[in-house]
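Participant: Need a 3D model of the following:
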Amino acid sequence: MTHVGADRPRTLTVVGAGVIGLCCGLAAADAGWRVTVLTDPGTPRAADVAGGMLGSLGEGHPGEDALLEITADSVRRWPTLLARLDDPAIVSADDSLFVGVTAADVAFLTQLARFVWSKAVDESVTTQSGLRQVTGREIRELEPSLGPRAIGGFLASGEGAVDNRALLAALETRLVAAGGMVRAHRVDSLTDLPGDRILVTAGLGSSKLVGGIDLYPAKGEILRLSANAWSVPGPRHVVRARVGDRMVYLVPRRAGIVVGATQYEPIDASDMAPRVSGVADLLADALEVMPGLGTYDLAEAGVGFRPCTADGLPVVRAVDDRVILACGHGRNGIVLAPWTSHRVVEILDETGAN
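Facilitator: Residues are numbered from 1 along each chain as shown. Below you'll find the model as predicted:
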């Protein structure tokens, strides 16, 4: 173990500058660590291709009790993180509207809501106090741009969204202002890295740096739509719709809408092109929910690989007395960032720097 003298600050090297790495780096800097975040410019970040949704209901699937618990914990920590970042451009919506276009769709959403309710120990655990069922008429009163096919669903007050790219920029800005550094450097081995502690947040690349981690990639496509002079007004809420057996979401942005997301196994590591079937399904489902979406311009069809684990839970733990691991967040990297950074600082405190 590296011994740290009282006359110099403890140093932390973070491998990976995605949302987890930057959020953990900022939390560590605020806790008194001197932080350097290393980023490989040639490696895409999962958080660059994301809707940025925050909340418990959308992730409250039966069988994922543990994930719901840490998601709810992380959602409670988001207001503190947003206050720390102090950038109004980050928040893109305050509430979410879950809608179904058939009775079966509404029944599916009701099952999710009841599962979340059943896990609530008190009103602080989930958004139970801000969750209410809505009719098709109420949906169109809340969001006039939604079509008549939306027959019912739920309004989840407080389950908003952030602009993922504005979030990444703000995290980096605040980290540097707190005395941290973000440096371009490809890491192929942890052996010669400096730092009293090393935090590996390299997504899928984490398994190449730390042995014994079983991660697999899930490919996801997200569409970014830009408003033009003829576009109908976009939604104010996050709209998460069940259309048949598929979920589609529409997330407001300042100059348009993000539509997502597909998720399936890629052919191989080079499978980074948007698949026609995936883009077609997203557009078809989104237009089913919001017919006026056809007035928007297709600005980007983005592809990202989400680092997933077999049980759906992230891996956040100490590997040894120097290396800490935070990876495997799957589709939940953004929403779980505050919980992860809190846990990482706890581990730093637990292991100490003797």
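Participant: And Arg8, what's its pLDDT?
Facilitator: pLDDT for Arg8: 72.
Participant: what's the answer for Leu68, then?
Facilitator: According to the model's per-residue confidence, Leu68 sits at a pLDDT of 84.
Participant: secondary structure class for it?
Facilitator: Classification of Leu68 using DSSP: H, G, I helix; E, B strand; the rest coil returns helix.
Participant: so it sits right up against Val116, yeah?
Facilitator: Yes. Taking contact to mean Cβ atoms under 8 Å, the distance of 6.9 Å between Leu68 and Val116 places them in contact. All C-beta atoms are positioned from the backbone trio N, CA, C, and that covers glycine.
Participant: So between the two, which is more surrounded?
Facilitator: Neighbours were tallied for Leu68 and for Val116 using other Cβ atoms under 10 Å; the higher tally belongs to Val116 (27 against 22).
Participant: What ranges in the stretch 201-350 of the chain fall below the confidence cut-off?
Facilitator: Applying pLDDT under 70 to the stretch 201-350 of the chain flags no residue at all.
Participant: how about the strands in it?
Facilitator: 216-226, 238-243, 246-253, 256-260, 297-308, 315-318, 323-327 (DSSP state E, counting those that start in this stretch).
Participant: Please name every helix or strand in contact with the first one.
Facilitator: Counting contacts by 3 or more Cβ pairs under 8 Å, 6 or more residues apart in numbering; DSSP states H and E, strand 216-226 packs against strand 256-260, helix 276-289, strand 297-308.
Participant: Could you do the third one as well?
Facilitator: Applying 3+ Cβ pairs under 8 Å, 6+ apart, one finds that strand 246-253 contacts strand 91-100, strand 238-243, strand 256-260, helix 276-289.
Participant: what's the angle between the second one and helix 276-289?
Facilitator: Inter-element angle recorded for strand 238-243 and helix 276-289: 100 degrees (by axes from the mean of the first three to the mean of the last three Cα atoms, to 10 degrees).
Participant: For the closest residue to Asp214 other than its chain neighbours, grab the count of nearby residues.
Facilitator: Of all residues not flanking Asp214 in the chain, Ala310 sits nearest, at 6.2 Å (Cβ to Cβ, 6 or more residues apart in numbering). The burial metric for Ala310, expressed as a neighbour count using other Cβ under 10 Å, is 9.
Participant: which SS state does Gly195 fall under?
Facilitator: For Gly195, the assignment made with three-state DSSP gives coil.
Participant: So what does the nearest residue to it once chain neighbours are set aside have for phi and psi?
Facilitator: Ranked by Cβ to Cβ, 6+ apart and with sequence neighbours excluded, the top spatial neighbour of Gly195 is Thr13, at 3.4 Å. Its backbone dihedrals place Thr13 at phi -100, psi 120, with angles given as degrees, to the nearest 10.
Participant: The helix or strand containing Ala28 vs strand 323-327, what angle?
Facilitator: Secondary structure assignment for Ala28, by DSSP states H and E: helix 19-30. Per the same axes, to 10 degrees, the angle that helix 19-30 makes with strand 323-327 is 140 degrees.
Participant: how about JSON lines for the strands of the stretch 201-350 of the chain, with mean neighbour count added?
Facilitator: Listed next are the strands of the stretch 201-350 of the chain as JSON lines, based on neighbours: other Cβ atoms under 10 Å:
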{"stretch": "strand 216-226", "mean neighbour count": "21"}
{"stretch": "strand 238-243", "mean neighbour count": "25"}
{"stretch": "strand 246-253", "mean neighbour count": "22"}
{"stretch": "strand 256-260", "mean neighbour count": "25"}
{"stretch": "strand 297-308", "mean neighbour count": "18"}
{"stretch": "strand 315-318", "mean neighbour count": "18"}
{"stretch": "strand 323-327", "mean neighbour count": "24"}
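Participant: For His185, find the nearest of the ones you listed.
Facilitator: strand 323-327 (17.0 Å; Cβ to Cβ).
Participant: Can you list the strands that the closest one pairs with?
Facilitator: The strands that strand 323-327 pairs with in its sheet are strand 197-200 (parallel), strand 315-318 (antiparallel) (by DSSP bridges).
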